[in-house]
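Undergrad: Any chance you could fold what I've pasted below:
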Amino acid sequence: MRFELDDNRRARLVAELRALYLEDFDEELSEYRAERLLAHLVTRLGPPIYNQAIQDARGFLQERLDDLDAEFYEPDPDHRPRTP
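TA: Model (predicted):
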């Protein structure tokens, strides 16, 4: 999967990177360098962060589904459990 940022988000993130460099490192970062840095970060960090988010969402949903039986199960009076 290739990660694409829309133009507005990309521009905002580039501006934030430039501001971060100026504030934290007292160094001006050109727009070109900020765009290259952002592209690198998205390429290297995007997939593992995305995959972790999917795993977290899957775990969260599985917990909710497991709770369905515990919280909302109603015994069926016409169905008797089988005994071995």
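
Undergrad: Return, as residue ranges, the portions of this protein with sub-threshold pLDDT.
TA: By pLDDT under 70, the weakly predicted segments of the chain are 1, 81-84.

Undergrad: need the longest helix for it.
TA: helix 31-72 (DSSP state H).

Undergrad: tell me what that helix is packed against?
TA: helix 7-25 (3 or more C-beta pairs under 8 Å, 6 or more residues apart in numbering; DSSP states H and E). Using the backbone N, CA and C atoms, a C-beta is placed for each residue, glycine as well.

Undergrad: got a list of contacts for the helix it packs on?
TA: With C-beta atoms under 8 Å, 6 or more residues apart in numbering as the test, helix 7-25 has contacts from Leu5, Glu27, Glu28, Leu29, Glu31, Ala34, Glu35, Leu37, Leu38.

Undergrad: from what I can see the fourth one touches Leu37, true?
TA: Right, Leu29. Yes: the criterion here is C-beta atoms under 8 Å, and Leu29 meets it with Leu37 at 7.5 Å.

Undergrad: Glu35 versus Pro75, what's the distance?
TA: Distance of Pro75 to Glu35, computed by C-beta to C-beta, to the nearest Å: 62 Å.

Undergrad: Compare these two (neighbour count), which wins?
TA: Neighbour totals were compared for Pro75 and Glu35, and Glu35 leads with 17 against 8 (other C-beta atoms under 10 Å).

Undergrad: What distance do you get for the one residue sitting closest to the centre of the chain to Asp66?
TA: In the chain, the residue lying closest to the centroid (C-alpha atoms, centre = their mean) is Ala53, at 3.9 Å. Here Ala53 is placed at a distance of 20 Å from Asp66 (C-beta to C-beta).

Undergrad: same check, this time on Pro75
TA: With C-beta to C-beta as the criterion, Pro75 and Asp66 are 18 Å apart.

Undergrad: Buried among the contacts of helix 7-25? Make that a PyMOL selection.
TA: With 16 or more other C-beta atoms under 10 Å as the burial test, the buried ones among those are selected in PyMOL as follows:
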select buried, resi 29+34+35+37+38
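
Undergrad: biggest separation within the contacts of helix 7-25, which pair?
TA: Distances among those were taken as C-beta to C-beta; the most separated pair is Leu5 and Glu27, at 23.6 Å.
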